[in-house]
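Engineer: let me see the structure of the following:
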Amino acid sequence: MLREYRQTQAEHPGAVVLWRNGEFFEVYFETARLLGTELNLRVKPRPFGKETVDFTGVPLANGRDAVHRLLQRGYRVVLVEQVDEPAMAGVLPKKTIKRAVVRVFTPGTLVELDLLDRGTNNYLAAVIVDHGVFGLSYCDVSTAEFAATEFHGPQARSRLEAELIRLQPAEILVTDDHAGTSTIPLPLHGSSQGVAEAARPTAWTRGNLTIWPAWHWDLTNATESLTQQFNTASLAGFGLTGLPQATRAAGVVIQYLRETHRASVAQIDHIRTMHHDAAMLLDPQTQRNLELLAPIGARKRGALVDLLDQTLTPMGGRLLRRWIAQPLTDLAPLEARQDAVTRYVEATLLRANVRNALKGVGDLERVANRVIQGVAGIEDVHRLRDSLRALPSVAALVHNATPAALCNTAPLLPADAILDVCADSLCLLERALNDEADATGDGVERGDLLKIRHGFDPELDRVVAAVRLEHDWLRTFETREIARTGIRLLKLTYNPKTGWFIELPRATPAYLIPAAYERKPGAGSNDRYTTAELQAHETLLQGNQLRLRELERAALGRVIAEVATHGQRLLATARTVAELDVFVGLAEVAVRRRYVRPLLTEGVELEIVNGRHPIVESTMHEPFMPNDTTLDAEDAQILVVTGPNMAGKSTYLRQVALITLLAQIGSYVPADAARIGLVDRIFTRIGAQDDIATGQSTFMVEMAETASILHTATPRSLIVLDELGRGTSTYDGLSIARAVIEWLHGNPQLGCRTLFATHYHELTALADTLPRVRNYHVTVADHDDQIVFLRKVLPGKADRSYGIHVAGLAGLPRPVVRRAAEVLALLETHSDEVRAQGHVSTTVSHPAPQIIATPVHPALRQLLGIKLDELTPLAALNKLYELQALAADLETAS
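Structural biologist: Numbering: from 1, shown residues only. Okay, the predicted model is just below:
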């Protein structure tokens, strides 16, 4: 056995081989020591002939948990199973057990439901670059989604990065030429930290990166793999003609899936070629800044998807995430989505009934894929049957709703789609499956828990009857022996290892024990016996049990194979149910949150009446202050928004971007009314932070992101810029901000709709010289030197900044705030002199000796270096302790 284990380990270097041995999965040699550390298992020496090796293991029942934990740590796991029946209870002749690799688990190739997140896709991606052209293919083998594309031109790398961020692949395949280089922008996903470097699998370099040898990426090999998979003579029908890099990547995905699954991946019968002009591309910054799929910071919830997800099926939840990350840019399909949502918004009772019916539908998509692939078990077919049982109710509601219930006569699914309830598959499963069966256990050792319903297989029924007959004999045998021997404590007992035996108390007098009783070895306080008659019936019973297991496995296999012939119908039904689930969920959100249907156009306008930030509004206990927005590339192209920190400028900017994005996934939007000309991209430059991984400063990151926007925006883009230029000196920042506005306004190739929030009040003067610039400000009430943020955005510019007020709200010591106000007054009075000299003049025209003559305290000196107008509350709090310590003397003196 060790020789076979060593050979398997050599064939899968760097992987953890779990070796089935009876009721355990075992590992040996250095892998045993590794698992001892990773899974906190006891490692022991075990003799194998003349050799003693380290070994450890986990019970079969814990095998899946061990696989899951190893995958989370970045390992590949090779599962070696026993592929024939072992001898039972020492009665049947023993033989050498045949074993084989049945599965190679990797993070991107999972189809096991208990190892997958039900609400997110689990993508395997392959990336190749050749002569500046990037090829990308990705597949979720658990749902059969398979796509490929290419990226060309100067923005190819950034567009690939955005797509990888959107997909969040669990595993990425690259050639050995690209490993360890920055040629491909690979996002970090997962971690293998804590694993000893020497023990870490050699195939992994960044937690989710797998090196696949270069010869697999050959175009001829890739094309052959794909044509074999699709059973076609060419790939012309899939749109891959003229896309060699996409073809290479897609071929590698198929090769890798075949290698890891050791079984057919027949459920993947087509590939979608992605066209980038049909969907909005969202760069990583925009996805992060708008908190589309994950909240910023340590919060677990609070992303847009958390707000919108009222889906009731796993495939509906996954589809919603894909829609959010990939909004549409074509008007016709968007209006079709809107129509479907509108029907359920208007039909309140129908919406409630459909949602209730959908609760009975499980993960039809992933279960159907397991059936087609041929790896489904009894628990999968039970899940499939339960989901199919719920479909007739859903279909009846959708297809039989009256016009009065709908408020119109349009169908409830887009493009007149029909919800196929797959009645033939349901009929087969109802006829074949036993409702009372233990769907997760073996259930045949005692002959009383059966997976297959009586009447489905006559031969199976005959064997079941024989097994039950033997059990009846065993029950009467015990009663008969008690009566015959007079030993009231006699028991007939079963042990999986030793079989059936008669159990007598050790104190039983010898004269009561019949001579036909043959002593059996055993431990404990009782003695064990058997008889020739009992052994004969036991042999017959166990033979029938083995036959029952074989027949039931064969019958279940026939059922699964028959259902698999309808696999593509099942997948189509799953996709229809997912769309229905999303439509009904979006309608539920629209009704609960008082959203409205936006009017979408091919124009360049963006008009929002009383718009609200969807995420912020959902977390507030008081009413949200709504705001209007009017943008038009031909008139009010650029809105310059001024106002103090904490007043709501950033919220307003994000609000407009989110409303636009919601409209372009087909959702209703948080507003009283909205008219939105479709945008091809949304760019956001909000906030800044150092990029430690690349050694870039805050300002460098800010400028790099701005440069990318200016180079890639089109006339149909929406740009959101917040506090551009604050990462450098005041005049540098002001100059850059002004130049960017002028470029966006004056470049004839741009002219895109832009929201520009700033503390540079000098920029408001641009509205006097640039005809498509408009000034807006966030209102503040100032009474007795106390400010109240009204959060209302109105036309016009802010009259002043409130940086010192914000510093006070953040908790700076009062003397520091007072001194800051005094210095600000001097700066404002002598602004011309300050501009000339670069510092606060010590010569003043009014008497203020107590201000100028007093030695400058270190706290004040540090405060003078802070850009008050750009100070956020968070930054003020970060400075608070330091300033308090420095200002301690001044605090005491005052």
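
Engineer: give me the low-pLDDT residue ranges for this structure?
Structural biologist: Counting by pLDDT under 70, the chain contains low-confidence residues at 84-96, 178-207, 298, 401-417, 436-449, 687-697, 783-787, 799-802, 828, 830-894.

Engineer: spatially central residue in it, please.
Structural biologist: In the chain, the centroid-proximal residue (Cα atoms, centre = their mean) is Thr120; its distance is 3.8 Å.

Engineer: in this structure it contacts Arg318, no?
Structural biologist: Yes: contact status for Thr120 versus Arg318: in contact at 6.3 Å, counting by Cβ atoms under 8 Å. No exception for glycine: its C-beta is placed from N, CA and C like everyone else's.

Engineer: on that earlier part again, pretty sure the residue nearest to the centre of the chain sits in a strand.
Structural biologist: No: secondary structure of Thr120, determined by DSSP: H, G, I helix; E, B strand; the rest coil: coil, with no strand assignment.

Engineer: from Leu41, how far off is Arg6?
Structural biologist: Here Arg6 is placed at a distance of 21 Å from Leu41 (Cβ to Cβ, to the nearest Å).

Engineer: looking only at neighbour counts, state which of these two leads.
Structural biologist: Ranked by neighbour count (other Cβ atoms under 10 Å), Arg6 and Leu41 place Leu41 first, with 17 against 13.

Engineer: in three-state terms, label that one for me.
Structural biologist: coil.

Engineer: next one: phi and psi at it?
Structural biologist: In this entry, Leu41 is assigned phi and psi values of phi -110, psi 150 (degrees, to the nearest 10).

Engineer: please apply the same query to Ile502.
Structural biologist: The phi and psi torsions at Ile502 (degrees, to the nearest 10) take the values phi -90, psi 130.

Engineer: measure how buried it is and give me the count.
Structural biologist: When neighbours are defined as other Cβ under 10 Å, Ile502 has 25 of them.

Engineer: correct me, but it touches Ala516?
Structural biologist: No: the criterion here is Cβ under 8 Å, and Ile502 misses it with Ala516 at 10.5 Å.

Engineer: related to what we said a few turns ago, list the contacts for the residue nearest to the centre of the chain?
Structural biologist: Thr120 makes contact with Gln168, Gly317, Arg318, Arg321 under the criterion Cβ atoms under 8 Å, 6 or more residues apart in numbering.

Engineer: what residue in the chain is the furthest from its centre?
Structural biologist: With distances taken from the mean C-alpha point of the chain and given as Cα atoms, centre = their mean, the most distant residue is Tyr511, at 72.1 Å.

Engineer: quickly note the distance from that residue to Leu358.
Structural biologist: 72 Å.

Engineer: same check, this time on Arg549
Structural biologist: Shown here: Arg549 relative to Leu358, a distance of 37 Å by Cβ to Cβ.

Engineer: go on, Glu259?
Structural biologist: Computed with Cβ to Cβ, the distance linking Glu259 and Leu358 is 37 Å.

Engineer: over to Leu243?
Structural biologist: 38 Å.

Engineer: same check on Met274?
Structural biologist: Taking Cβ to Cβ, one finds Met274 at 29 Å from Leu358.

Engineer: give me the more crowded residue out of the two.
Structural biologist: The residue with more neighbours, out of Met274 and Leu358, is Leu358; 22 against 18, by other Cβ under 10 Å.

Engineer: I figured that one was touching Leu580, is that so?
Structural biologist: Yes: counting by Cβ under 8 Å, Leu580 is a contact partner of Leu358 at 7.5 Å.
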